[in-house]
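J.: mind looking at a prediction? Sequence and model below.
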Amino acid sequence: MDRQRIHKAATGKGKGKSRSATPRRILIYGFALIAIMAKLIFDNLNTAPTVERPDAPLESLNDVPDFDTTPRAVIDTELLASVRDDTPEQRVQLEREPRIHLMEQASTLLWGDLEKLGLDHVPHDELLAEPARHRGEAVWALGRVRWLDQSFVDGLLEVRGELRDEHERSWLFLVITEPYDIEVGDVVRAPGFFFKHARMLNPDGDWVSAPLIVGEELLPSSFRIDPVTELTDDMRTRLRHIRDHSLEGASQRYGSQVFYELLSFAKHGAEDAVFPDGSVLPELPPTDLLKYAARHRAQPVRMTGMLLTKRHTLLGPRGENPLGEPQVWELWLNDARAGKNGNILALSLDDPGDLQRGDIVELDGLFFRRWAYENKRNEPRMSSLVVTRRAKRFVPLKDPTPGIMLKVLLSVVGGVALLLVVGQWREKRSATGARKSRLARKSRLVKRELEHGAASTAAAAAPPDSGAPTASTASTRAPQSAPESDPDSRPDAPA
C-alpha cells in the first residue's frame, strides 16, 4: 500500500495551494471594501455643499494707482489765535487773514476730508460759551435757510446766510460755492470750520448773533427722524400714493421721505413687526413683484439671486438724508428665472457680511417699488427695489440620497462580510471534520495492515511438520471429497 498517498489523502496536503489562496482573496476584498467605505464616509461627512462662483478676472494690485487720501486742509491755529469775539463789537468784525485762511483751506476739501479731520456736531451753547476752545475745529450745523447773501471780497465769492435748527436757534455760515439749487426755506447742512461767535445784519435790518461756520458748500438735507419701529397708517397711505407703473414714474428718484422711513423700519422694527407672519416668508419671483407692485408694496418678501455686485454707496444727495446714515449697502442680484426682468436692487443699512460676486444670496426684506434705470449699453431695464433686513449666502439643502446610499452600501458590505466570515467558519469546520475523518480512516488502514503483517510473520515462523495448519495452508489447501459409502448400509436401500 502506498503510505504517502494515504497520508496526503488524510491530511489534504495536495490542496494546499487552493486553500491558502482563499484567505488572501478575502483579505484583499476586505481591504478594498474598507477603502471604499472610508472614501464614501469622508465625502458624506464633508462640509455643506457650496455653489461654485464664476471665474472673474482680477486685476493686479500693482496696476492700481496709489491714491493719497490724506486731507490737504491744514488749519493754522496760531493765526486763528488772533481772532477776538468777546464783545459785540469784536463779533461784528470778521478778521480778514484768518477768514481768508479758512476759506482757502475749505476750497481744498474733498468728500470725506472733514470726517477724517474729526467732523462733529458741537452743541450750539458750547460754541457760544467757549469759542476759543473750538476755533478751527470741523463742525456742522443742520437747519432751514432763513436768508442768503453773496458778494465778492478780495476776489473771492462769499455766500453768507443764516440757518434755523429744529430748536429755532440761529447758525451763521460763510461758503465759497454758489448754491444753485438751494432756496430760502430749504433744509441744508453746513459743514466746515468753526470761525467765531459772530454778528451779522440780515436783510430785515436785524442783528443775528450766532456761531459762524466757514465751509465749501451747503448740502441739501433734511431734519433727522427718530428710528421707525412700526408701519403707521400714515406711512401706508403715502405708500399707496407711489406711482411706478409707467417707465416715467419708475425712473424717478426713490429717495423720498417714506422711503427713508421704510428703510429705518426694516432696520429698527421688531422681528414680528417687520415679518408679522413669522420667519417663513413667501419666495416671490421678480416678475410677480413687477407685475403686481401695488399689491406687494411694503410686504415682506424673500428673494434669491446671484450677486452681481456689492458696494457701499452714498445714501441721498452727498450722503444727506433724514436717517443720518451717510452710506447704504447696495446689492445687485439677478434671478435667472425672470430673464431680463430678474434684476433686484436690495438696500441695507447693515453690513451684509462677507458676500462675494457670484454667490447665491438669499435676502429677506420689504418690497418698496419698481425702479427703472439704464444699463451700461444704455438699454432701459426694470428692477425690483427691496429694503433688506438680512442677507446671507444661500446654502442648498443637503441631498439625503448619498446618506441613504451610504446606509445601503454599509448594510450590503456588512452582509457580505458576515457571509464571508460564516462561509470561512463553515469551510474551516468542514475541513477540520474531513481531516479528522481522513485521519481515522488512515488509522484503520494502518491498523489492518499491521494486523495482516503480523499474521503473515507468524505463519512463516511455524515448523513444517507441525499438525497445526497455517493460515496460508488452510486457505490454499483444496477440499477433499468424502469416501463413497456402501450402498447396502443406506437406510433407504431395499432389503
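T.: Right, received. Where do you want to start? Being a predicted model, the structure only gives us computed values, none of them experimental.

J.: okay, which residue is most central for the chain?
T.: R393 (3.7 Å; Cα atoms, centre = their mean).

J.: any idea how far that one is from E330?
T.: Distance of R393 to E330, given as Cβ to Cβ, to the nearest Å: 17 Å. From N, CA and C alone the C-beta is placed, and that goes for glycine too.

J.: ok, R189 next?
T.: From R189 to E330 the distance is 22 Å (Cβ to Cβ).

J.: have a look at those two and say which one is more surrounded.
T.: The neighbour comparison of R189 against E330 (other Cβ atoms under 10 Å) goes to R189, with 20 against 17.

J.: name the element the more buried one belongs to?
T.: Using DSSP states H and E, R189 sits within strand 187-201.

J.: CA atoms only for that strand, dumped as CSV, please.
T.: Output of strand 187-201 as CSV, limited to C-alpha atoms (Å, rounded to 0.1, in the frame of the first residue of the first chain):
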residue,chain,number,x,y,z
VAL,A,187,-33.3,122.3,4.9
VAL,A,188,-29.5,122.2,4.4
ARG,A,189,-26.4,121.0,6.2
ALA,A,190,-23.5,123.4,6.6
PRO,A,191,-20.2,121.5,7.2
GLY,A,192,-16.9,123.4,7.7
PHE,A,193,-14.6,125.0,10.2
PHE,A,194,-15.8,127.0,13.2
PHE,A,195,-14.6,130.6,13.0
LYS,A,196,-16.0,132.6,15.8
HIS,A,197,-19.0,133.9,17.6
ALA,A,198,-20.1,136.5,15.0
ARG,A,199,-22.8,139.1,14.5
MET,A,200,-24.3,139.7,11.0
LEU,A,201,-27.0,142.1,9.7
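
J.: and the helix or strand that it is followed by, what's its mean pLDDT?
T.: Going down the chain from strand 187-201, the next helix or strand is strand 207-215, by DSSP H and E. What strand 207-215 shows for mean pLDDT is 96.

J.: that older thread, quick one, what contacts the residue nearest to the centre of the chain?
T.: Shown in contact with R393 (Cβ atoms under 8 Å, 6 or more residues apart in numbering): 353, 355, 359-362.

J.: what's the answer for V228, then?
T.: 235, 261-262, 264-265, 268-269.

J.: and those, which two are the farthest apart?
T.: Maximum pairwise distance among the contacts of V228 (Cβ to Cβ): 13.5 Å, between M235 and H268.

J.: hmm, back to that, hey, what's the residue nearest to the centre of the chain bridged with?
T.: V361 (DSSP bridges).

J.: while we're on it, how confident is the model there?
T.: So, for R393, pLDDT stands at 89.

J.: for R144, see how far away it is.
T.: Relative to R144, and taking Cβ to Cβ, R393 is found at 45 Å.

J.: and for S430?
T.: 106 Å.

J.: over to T232?
T.: In terms of Cβ to Cβ, T232 sits 25 Å off from R144.

J.: between the two, which one's more packed in?
T.: Neighbours were counted for T232 and for R144 using other Cβ under 10 Å; R144 has more, 17 against 12.

J.: so who does that one touch?
T.: R144 neighbours (Cβ under 8 Å, 6+ apart): 163-164, 185-188.

J.: quick one: low-confidence ranges for this protein?
T.: For the chain, applying pLDDT under 70 flags the ranges 1-27, 40-68, 278-279, 397-403, 462-495.

J.: so what sits opposite the closest residue to F173 other than its chain neighbours in the bridge?
T.: Counting by Cβ to Cβ, 6 or more residues apart in numbering, F173 lies nearest to A190, which is 4.3 Å off, once chain neighbours are set aside. Beta-bridge partners recorded for A190 (DSSP bridges): A141.

J.: how many neighbours does A190 have?
T.: Applying other Cβ under 10 Å, we find 25 residues neighbouring A190.

J.: give me the distance between it and L212.
T.: On the measure of Cβ to Cβ, A190 and L212 end up 10 Å apart.

J.: common neighbours of these two, please.
T.: By Cβ under 8 Å, 6+ apart, the residues touching both A190 and L212 are F173.

J.: strands of the stretch 201-350 of the chain, start to end?
T.: Using DSSP state E, counting those that start in this stretch, the strands of the stretch 201-350 of the chain run over residues 207-215, 219-220, 300-314, 327-334, 343-348.

J.: show me which of the contacts of R393 are buried.
T.: The neighbour count (16 or more other Cβ atoms under 10 Å) marks 355, 359-362 as buried among those.

J.: just the residues you listed now: which is nearest S411?
T.: Closest approach to S411 among these (Cβ to Cβ): I360, at 35.3 Å.

J.: right, and the closest one touches M306 too?
T.: Yes - judged on Cβ atoms under 8 Å, I360 makes contact with M306 at a distance of 5.8 Å.

J.: now do the longest helix anywhere in the chain: which elements does it pack against?
T.: Counting residues, the longest helix found in the chain (DSSP state H) is helix 400-461. Using 3 or more Cβ pairs under 8 Å, 6 or more residues apart in numbering; DSSP states H and E, the elements in contact with helix 400-461 are helix 3-11, helix 16-44, helix 471-476.
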